[in-house]
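Novice: What follows is a predicted protein model with its sequence.
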Amino acid sequence: HLASGAGIGADGRKKAAPAPRRQTRQPSEMDDEEEACTPRADEATPLQEKPRRRSRLALGACATLALGAAAATGRKTTSALFGWSSTWGNDYQCREGGWLELSKYTITTSSPELDAEFAMRIFGATDQLTGGDEGADDDTTNLEDPSTYWDCNGKVHIRKLAFGAVKPMELHFPYIHDITPTGPLDVKYWDDYQKALNDESFSTNKWNPFMHYALHMYNPDLTATARRLVADNEPFLARKGQSPLDGRTYYTLVVGSPTGKVYELTSPRLDDGIVEPIEWTADECPACHFSKVYDGDVLDGWWATNKDYQGRLPTATQWFPVRVSIGAAHVDNAAQFWRTHFPVLDSVVSKSGLSRVLTVKNIHYIFQEEMEIELSYVENNAPFGGKHSVVDYVEYINSVRDEYAGPNEGWSAWYDRHLGLGLSACPLDTYMRAFTSAGVAFAPHETSAIGDHFHSEGVEGYGLEFQGDFDYSFQSSYSGFDFCTWNTMEDSFYLHQGLEPPAMPDPSRA
């Protein structure tokens, strides 16, 4: 699984399939559709043509992949519909206030059902009790199991979960295929690759750098879960180490789903004789696996009193998220992004072992505002002999963005690998102006059932969805969300303005 030197040449490119169209639906129905992925909860004219960014990605030692130049999108610049107010106020001063709230962890997958089953079995996740569009012509949502969402004649499949008896945030597994652009190496390709890396890691008891893409979970006692995983022959890495924050020893089991998704289960308690954890090593970023915000006593108290709306307490095998870890090609790039656009957050770069780490603090749970969740970007510089490195992965996702998306235009299927963040200190327009000036790709939507939001490329190839309110100083009107178009925009949004819906770029015509 870890042979080096392989790659894909330009002749391995796949043409993106045209997006299917469905019958026109009422806006209220389209608004409900957006709920499948979104929980309730600087100076360029929008839609203006821009120079295309170019990128070339090396995949392995022997080959390169150039996705080619994008074809014309068919977008026209218009001043009648789109335009800004000249009175914004002080955008930066606005962004220095408030905090951000994390609402969901969305990770695109080639099998939503396998990932959902794994999450429920391993760390006690539960179905999220919201559904899709009742009565839609092509929507086959099972209304008796509304946590499963289908759309676009089966090309959209989403599983939506919550964590145990409580709901600090949501966990979504979308699979959207043959609609939005993935580039030549699709979601299943990367799932299979990361699954193969994890299998090798579990069999050799050796970390791989893609494991830094992980959701870190907490429970006061690892014992019950460890016994069950051993009894079920579930593979894992077992690690331990002393927390720099409170000096206690924490035990961690690193597990991987059938599609390569990684979770860390960490606790200060583990009975002897169940597993044999070893110390974190320098090539595993030792400090990355401990809380920098809360000691074990605080987390124990939060876990033990975290009743849901029916008064149920968590069980011994239910785990709650405390940290999101993201692999990074360049930590300094991530630090610049967060410090520039979200100065209210505490963003610190540090070193641990052979890794450099950005830790972002002051992000709260949207459903439990009294608690924070950490966000870490890890640039692991330990030697790695895999076919693709984390740098390759990040650059590949960025190359897809370059071909299909930009500020206020287009879409990338890799946006479905994102964190959902609520913003309240400023209108979303403030951030969209800043992203446009910085060349950060994003796509905004407004829905009556859920509210306003925009998806973005985020940073280091990991997307961010921002939820809040438009004040319409950036743009005077927005499309609803349509899963069945390549750029998620409703065709009617363009047609009502006398414009043709933009065609998906075709890199093969370069």
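Specialist: Right, received. Where do you want to start?

Novice: what about the stretch 101-250 of the chain, any weak spots by pLDDT?
Specialist: 129-146, 164-167 (pLDDT under 70).

Novice: For stretch 481-496, the averaged confidence score.
Specialist: Mean pLDDT, stretch 481-496: 95.

Novice: Start and end of that stretch, how far apart?
Specialist: Stretch 481-496 has an end-to-end distance of 16 Å (criterion: Cα to Cα, to the nearest Å).

Novice: Okay, buried residues for that stretch please.
Specialist: 481-494 (16 or more other Cβ atoms under 10 Å). Bear in mind the C-beta positions are built from the backbone N, C-alpha and C, glycine included.

Novice: And the helices in the stretch 51-200 of the chain?
Specialist: Taking DSSP state H, counting those that start in this stretch to define them, one finds helices in the stretch 51-200 of the chain at 91-95, 112-123, 187-204.

Novice: thought residue 501 was touching residue 486?
Specialist: No - Residue 501 is beyond contact range of residue 486, at 9.2 Å (criterion: Cβ atoms under 8 Å).

Novice: how about the helices of the stretch 351-500 of the chain, start to end?
Specialist: Under the criterion DSSP H, counting those that start in this stretch, the stretch 351-500 of the chain contains helices at 390-404, 428-438, 491-495.

Novice: Could you check the angle the first one makes with helix 187-204?
Specialist: Between the direction of helix 390-404 and that of helix 187-204, the angle (axes from the mean of the first three to the mean of the last three Cα atoms, to 10 degrees) works out to 170 degrees.

Novice: how about the buried residues of stretch 481-496, which pair is most distant?
Specialist: Distances among those were taken as Cβ to Cβ; the most separated pair is 483 and 494, at 17.0 Å.

Novice: returning to that earlier point: please dump the buried residues of stretch 481-496 into CSV; it should also carry distance to residue 265 for every row.
Specialist: Formatted as CSV, the entries for those read as follows, by distance: Cβ to Cβ, whole Å:
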residue, distance to residue 265
481, 34
482, 38
483, 33
484, 37
485, 39
486, 38
487, 38
488, 34
489, 40
490, 42
491, 45
492, 46
493, 44
494, 47
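
Novice: Report the beta-bridge partners for the most centrally placed residue in the chain.
Specialist: For the chain, the residue nearest the mean C-alpha position is residue 418 (1.8 Å; Cα atoms, centre = their mean). On the basis of DSSP bridges, residue 418 is bridged to residue 106, residue 463.

Novice: now the strands for the stretch 101-250 of the chain?
Specialist: Taking DSSP state E, counting those that start in this stretch as the criterion, the stretch 101-250 of the chain carries its strands at 125-127, 148-151, 156-163, 170-176, 214-218, 237-242, 249-256.

Novice: Point out the one among those that comes closest to residue 460.
Specialist: Nearest to residue 460, of all the strands of the stretch 101-250 of the chain, is strand 214-218, at 14.7 Å by Cβ to Cβ.

Novice: Summarise which helices and strands the closest one is packed against.
Specialist: Counting contacts by 3 or more Cβ pairs under 8 Å, 6 or more residues apart in numbering; DSSP states H and E, strand 214-218 packs against strand 262-267, strand 320-327.

Novice: could those be laid out in JSON lines, adding mean neighbour count and distance to residue 342?
Specialist: Below are the helices and strands packed on strand 214-218 laid out as JSON lines (neighbours: other Cβ atoms under 10 Å; distance: least, Cβ to Cβ, whole Å):
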{"stretch": "strand 262-267", "mean neighbour count": "23", "distance to residue 342": "25"}
{"stretch": "strand 320-327", "mean neighbour count": "23", "distance to residue 342": "15"}
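
Novice: What values do phi and psi take at residue 302?
Specialist: Torsion angles at residue 302 (phi, psi; degrees, to the nearest 10) stand at phi -60, psi -50.

Novice: you'd agree it is up against residue 365?
Specialist: No - Residue 302 is beyond contact range of residue 365, at 10.2 Å (criterion: Cβ under 8 Å).

Novice: Quick check: neighbours shared by these two?
Specialist: Applying Cβ atoms under 8 Å, 6 or more residues apart in numbering, one finds that residue 302 and residue 365 are jointly contacted by residue 371.

Novice: Sketch out the low-pLDDT regions of the stretch 301-450 of the chain for me.
Specialist: For the stretch 301-450 of the chain, residues meeting the criterion pLDDT under 70 lie at 307-311, 448-450.

Novice: For the strands of the stretch 101-250 of the chain, give me a markdown table that also has mean neighbour count.
Specialist: Listed next are these as a markdown table, based on neighbours: other Cβ atoms under 10 Å:
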| stretch | mean neighbour count |
| --- | --- |
| strand 125-127 | 19 |
| strand 148-151 | 23 |
| strand 156-163 | 24 |
| strand 170-176 | 24 |
| strand 214-218 | 23 |
| strand 237-242 | 20 |
| strand 249-256 | 22 |
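
Novice: related to what we said a few turns ago, does the residue nearest to the centre of the chain really touch residue 467, like I thought?
Specialist: No - judged on Cβ under 8 Å, residue 418 makes no contact with residue 467 at a distance of 11.4 Å.

Novice: still on that earlier bit, would JSON lines of the helices of the stretch 51-200 of the chain with mean neighbour count be doable?
Specialist: Shown next, in JSON lines, are the helices of the stretch 51-200 of the chain (neighbours: other Cβ under 10 Å):
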{"stretch": "helix 91-95", "mean neighbour count": "15"}
{"stretch": "helix 112-123", "mean neighbour count": "20"}
{"stretch": "helix 187-204", "mean neighbour count": "18"}
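
Novice: can I get those in TSV with distance to residue 377?
Specialist: Listed next are these as TSV, based on distance: least, Cβ to Cβ, whole Å:
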stretch	distance to residue 377
helix 91-95	20
helix 112-123	23
helix 187-204	18
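
Novice: out of those, which comes closest to residue 332?
Specialist: helix 91-95 (20.5 Å).

Novice: For residue 442, which non-adjacent residue is spatially closest?
Specialist: residue 456 (3.8 Å; Cβ to Cβ, 6 or more residues apart in numbering).

Novice: Number of residues surrounding that neighbour?
Specialist: Residues near residue 456, counting by other Cβ atoms under 10 Å, number 24.

Novice: ok so, going back, do you know how far the residue nearest to the centre of the chain is from residue 466?
Specialist: Applying Cβ to Cβ, to the nearest Å, the value for residue 418 to residue 466 is 10 Å.

Novice: next one: residue 399
Specialist: Counting by Cβ to Cβ, the gap from residue 399 to residue 466 is 24 Å.

Novice: do the same with residue 359
Specialist: Taking Cβ to Cβ as the measure, residue 359 falls 21 Å from residue 466.

Novice: of these two, who's got more company?
Specialist: Using other Cβ under 10 Å as the criterion, residue 359 and residue 466 rank with residue 466 on top: 23 against 20.

Novice: Could you pull up the residues touching the more buried one?
Specialist: 421-423, 428, 431, 453-454, 456 are the contacts of residue 466 under Cβ under 8 Å, 6+ apart.

Novice: try 6 Å
Specialist: 421, 423, 454 (Cβ atoms under 6 Å, 6 or more residues apart in numbering).

Novice: okay, now the first one: neighbour count?
Specialist: Think residue 421. Look at residue 421: counted by other Cβ under 10 Å, it has 22 neighbours.

Novice: Give the closest residue to it in space, chain neighbours not counted.
Specialist: Leaving aside its sequence neighbours, residue 421 sits nearest to residue 100 (Cβ to Cβ, 6+ apart; 4.9 Å).

Novice: repeat for residue 414
Specialist: Nearest-residue entry for residue 414: residue 397, 4.7 Å, with adjacent residues in sequence omitted and distances by Cβ to Cβ, 6+ apart.

Novice: Confirm for me that that neighbour is in contact with residue 460.
Specialist: No - counting by Cβ atoms under 6 Å, residue 397 does not reach residue 460; the two are 8.8 Å apart.

Novice: And these two? Which one has more around it.
Specialist: residue 397 (26 against 22).

Novice: distance of the more buried one from residue 418?
Specialist: As for residue 397, its distance to residue 418 is 12 Å (criterion: Cβ to Cβ).
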